[in-house]
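> need a structure here:
(chains A and B)
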Amino acid sequence: MKRLIDLLFRHRFTLLFLFLQALALGTLYSSAHYQRSKWTGWTSEVENSLFSWRSDLRSYFSLKQWNEQLRQENAALRSLMKESHFELFSRDSLQIDTLHNRQFQYRAARVINNSISMENNTLTLDKGRVHGILPGMGVVSEKGIVGVVLSSSAHYSTVLSLLHSRFSTSGHIRSTGYFGRVFWPGGDHRRARIEDVPIESRLSKGDLIYSSAHSSVFPPDQWIGRISLVERSEATDFLSGELQLSVDFADLNSVYVVQNLLRAERDSLESLKPAL
Amino acid sequence: MRQLGLREMLQILGIWIAQVVVLNEVELLSFINPYVYPIIILMLPVESKRAPVLIAAFVLGFSIDLMEQSSGIHAFACSWVGFLRPRLVRLVSTQRGFDFGALSLRDMGWQKFMFYAFSGLWIHHYFLFVIDEHSLSGWLFHLLDATYTAVFSLLIILMVQLLAGRKTAASL
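So this is what the prediction gives:
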């Protein structure tokens, strides 16, 4: 017995080490997440303040990327400015520009809430009726289409995201000019599907899909995504495909709400019954 | 055994905060996440008893785990560093004993300090990667990964030691 104790005592450092290793592994493998359940009480305060400090700091690491994004956006906007357009007629002969009436009005908004993991995802924007945002308007980001305004209160509005089972829009294949129905089947927030594309469109991998003029919500030629997979269904003569969305919904901060100023006119025309 | 002074404690806290707040967010070349905090264990006073060092190492690792929500992997890796530290110290001392005052760049000289710090960091990184991946099968990959990461961690430590000036470098 004495020898055993001696032996243990001689190796006490190694035993301490093994004990600590066991403790660490126990923490790792215990399903009850030791630190979450037991230590949360006294660490959460410190953690939360540190986490918020850390996320402030973290934002500095992506400043370069944001700057680049802003620069590109500025460039695009600058090219839309009045100064960037030449005058077709001299000013004194024509006072009112009848050639260019604006059809789409953009309003910048910030995404303050966003989900991507559910079956039906929605966004919340920090602008509402006061800022002129009404249900039915399209939402785009500088990378492509995002969704449709679902409802708006005075200062906020909710958006039916492209990642929603009820969302569907018409997609236009840039290279061939054919159309298909774009929707999100659920699952991966970076992939959507396009269906009902005629077989003669020869849809192929790498084709770019843009919003089409069929939609009265989105301006035409807003990017939606890039085809990553094409399937042919045996039953019908249509192609379907998978597309890689251009917008990264996991990293969505600023968007634009688009109002089609001619939508009411178009809708009322399209809803007319043919007078036969 | 020498007690840690207020200044040294502040430096330890500083390294800890730097690790948690800044370095854990860094991903060099998209796969290297430098860990400099094991240097705290390595630079504890030479005369420290090995058991307290081991326990301190475990607690340090566990505190990083709390911040990272990584449950035990840093504690695991750090206790290895604490366990092997006495052997590392013996490796860098001569037969007569320590011929330097503290385990720091200034007292040990470039060669010894780099060997000592690199070995310690490497041990930490290696066991961290092994336990994080839950497998010994990628051992070659872990060896390489630990080496790259240890190089970067060591570079950061050397830079800080040089920048912090001789006074600070001497005490920690």
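
> Heading C-terminal from the least confident helix or strand in chain A by mean pLDDT, find the next helix or strand.
Every helix and strand in chain A was compared by mean pLDDT, DSSP states H and E; the lowest is helix A:34-61, with a mean of 59. Sequence order places helix A:63-78 as the next helix or strand after helix A:34-61, per DSSP states H and E.

> So that next one, near chain B or not?
No: Helix A:63-78 does not reach chain B (CB under 8 Å from any CB of the partner chain); its nearest approach is 12.9 Å. C-betas here are computed from N, CA, C, even on glycine.

> in that helix, what counts as buried?
Buried residues in helix A:63-78, counting neighbours by 16 or more other CB atoms under 10 Å in any protein chain shown, are found at A:Gln69.

> Extract the CA atoms of that helix and return them as PDB.
This file holds the C-alpha atoms of helix A:63-78, laid out as PDB (Å, rounded to 0.1, in the frame of the first residue of the first chain):
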ATOM      1  CA  LEU A  63     -14.100  47.800 -44.300                       C
ATOM      2  CA  LYS A  64     -12.100  47.300 -47.400                       C
ATOM      3  CA  GLN A  65     -14.700  45.100 -49.000                       C
ATOM      4  CA  TRP A  66     -17.500  47.500 -48.000                       C
ATOM      5  CA  ASN A  67     -15.600  50.400 -49.500                       C
ATOM      6  CA  GLU A  68     -15.100  48.600 -52.700                       C
ATOM      7  CA  GLN A  69     -18.800  47.800 -52.800                       C
ATOM      8  CA  LEU A  70     -19.700  51.400 -52.100                       C
ATOM      9  CA  ARG A  71     -17.300  52.600 -54.800                       C
ATOM     10  CA  GLN A  72     -18.900  50.400 -57.400                       C
ATOM     11  CA  GLU A  73     -22.300  51.500 -56.300                       C
ATOM     12  CA  ASN A  74     -21.300  55.100 -56.500                       C
ATOM     13  CA  ALA A  75     -20.000  54.600 -60.000                       C
ATOM     14  CA  ALA A  76     -23.200  53.000 -61.100                       C
ATOM     15  CA  LEU A  77     -25.200  55.900 -59.600                       C
ATOM     16  CA  ARG A  78     -22.900  58.500 -61.000                       C
END
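
> Report all helices and strands that it contacts.
Under the contact definition 3 or more CB pairs under 8 Å, 6 or more residues apart in numbering or on different chains; DSSP states H and E, helix A:63-78 sits against no other helix or strand.

> From the chain's centroid, how far away is the helix or strand harbouring A:Glu265?
Following DSSP H and E, one finds A:Glu265 within helix A:263-270. In terms of CA atoms, centre = their mean, to the nearest Å, the centre of helix A:263-270 is found 28 Å from the chain centre.

> Buried residues in that helix, which are they?
When burial is assessed from 16+ other CB under 10 Å, helix A:263-270 yields the following buried residues: A:Arg263.

> In PDB, list the C-alpha atoms belonging to that helix.
Extracted in PDB, the C-alpha atoms of helix A:263-270 (Å, rounded to 0.1, in the frame of the first residue of the first chain):
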ATOM      1  CA  ARG A 263     -47.400  49.700 -62.600                       C
ATOM      2  CA  ALA A 264     -51.000  50.800 -61.900                       C
ATOM      3  CA  GLU A 265     -51.400  51.700 -65.600                       C
ATOM      4  CA  ARG A 266     -50.000  48.400 -66.700                       C
ATOM      5  CA  ASP A 267     -52.000  46.300 -64.200                       C
ATOM      6  CA  SER A 268     -55.300  48.000 -65.100                       C
ATOM      7  CA  LEU A 269     -54.600  47.500 -68.800                       C
ATOM      8  CA  GLU A 270     -53.700  43.800 -68.300                       C
END
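
> Pull the residues that contact it.
Applying CB atoms under 8 Å, 6 or more residues apart in numbering or on different chains, the contact partners of helix A:263-270 are A:136, A:216-217, A:260.

> let's go with 7 Å and repeat that
Helix A:263-270 is contacted from outside by A:Ser216, using CB atoms under 7 Å, 6 or more residues apart in numbering or on different chains.

> Mean confidence (pLDDT) on it, please.
Average pLDDT, helix A:263-270: 86.

> One more: stretch A:2-10?
83.

> what do you get for stretch B:90-100?
74.

> How about stretch A:76-86?
Mean predicted confidence for stretch A:76-86 is 66.

> where exactly do the strands run in the chain?
Using chain A. A:104-114, A:122-125, A:138-141, A:144-152, A:157-161, A:168-173, A:179-183, A:191-198, A:208-211, A:223-232, A:238-245, A:254-260 (DSSP state E).

> Figure out which of these is closest to B:Val89.
Each of those has some distance to B:Val89 by CB to CB; the shortest is strand A:104-114, at 52.3 Å.

> Direction included, what does the closest one pair up with?
strand A:122-125 (antiparallel), strand A:254-260 (antiparallel) (DSSP bridges).
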